[in-house]
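> mind looking at a prediction? Sequence and model below.
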Amino acid sequence: MPSRVIRVYQPWPTPVRAARYTDASVLPEISAWVTRLREQGLVPPDVDFAIRDGADGLVGVLGDRCGEHELRPTGFLVFGRRGLRILDEASFFGQYHDPDVG
């Protein structure tokens with residue numbers, strides 16, 4: 001069954017798969033996606049995704065060799081040539097667009 005959360009977004013300069021944090025219910029699916037990427041060898045074995053209580057509710061936390069990065073509501077977890085990274089909404093839509101939207 002295709003995911004509602006993990007989608008392909010079109011370039012600048014190449015398409016990427018990304019998950020948008022729309023509400024807390026999507027965080028387990030995002031976590032499972034990171035696990036699959038790690039199991040497939042597409043991200044290093046030390047990359048992890050956890051769900052934690054933050055000051056304003058649940059946040060996703062991407063852990064990698066550079067430290068921890070929080071995925072907050074409306075943010076995106078992006079998988080591209082450089083691996084996984086977290087972008088805020090403005091940064092994401094400055095680089096990518098949803099091909100299903102005009």
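Received the coordinates, thanks.
> just the pLDDT for the residue nearest the centre of the chain.
Residue closest to the average C-alpha location in the chain (Cα atoms, centre = their mean): residue 77, at 1.6 Å. Reported pLDDT at residue 77 in the predicted model: 97.
> residue ranges for the helices of the chain, please.
All helices of the chain, identified by DSSP state H, fall at 27-39, 89-95.
> next, format these as CSV and append mean neighbour count.
Just so you know, the C-beta spots here come from the backbone N, C-alpha and C atoms, and that holds for glycine as well. Putting the helices of the chain into CSV (neighbours: other Cβ atoms under 10 Å) gives the following:
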stretch, mean neighbour count
helix 27-39, 16
helix 89-95, 14
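> and the ones you listed, which one averages the lowest pLDDT?
Minimum mean pLDDT among the helices of the chain: helix 89-95, a mean of 88.
> now that one - C-alpha only, CSV.
Extracted in CSV, the C-alpha atoms of helix 89-95 (Å, rounded to 0.1, in the frame of the first residue of the first chain):
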residue,chain,number,x,y,z
GLU,A,89,8.6,24.5,5.4
ALA,A,90,10.0,27.7,3.8
SER,A,91,13.4,26.1,3.1
PHE,A,92,11.7,23.0,1.6
PHE,A,93,9.3,24.8,-0.7
GLY,A,94,12.2,27.2,-1.8
GLN,A,95,13.9,24.1,-3.3
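> that helix - contacts with which helices or strands?
strand 76-80 (3 or more Cβ pairs under 8 Å, 6 or more residues apart in numbering; DSSP states H and E).
> repeat the analysis, applying 10 Å as the threshold.
With contacts taken as 3 or more Cβ pairs under 10 Å, 6 or more residues apart in numbering; DSSP states H and E, helix 89-95 sits against strand 6-9, strand 16-20, strand 76-80, strand 83-87.
> give me the residues contacting that helix.
Helix 89-95 has contacts (Cβ atoms under 10 Å, 6 or more residues apart in numbering) with 9, 11-13, 16, 18, 20-21, 72-78, 80, 85-88.
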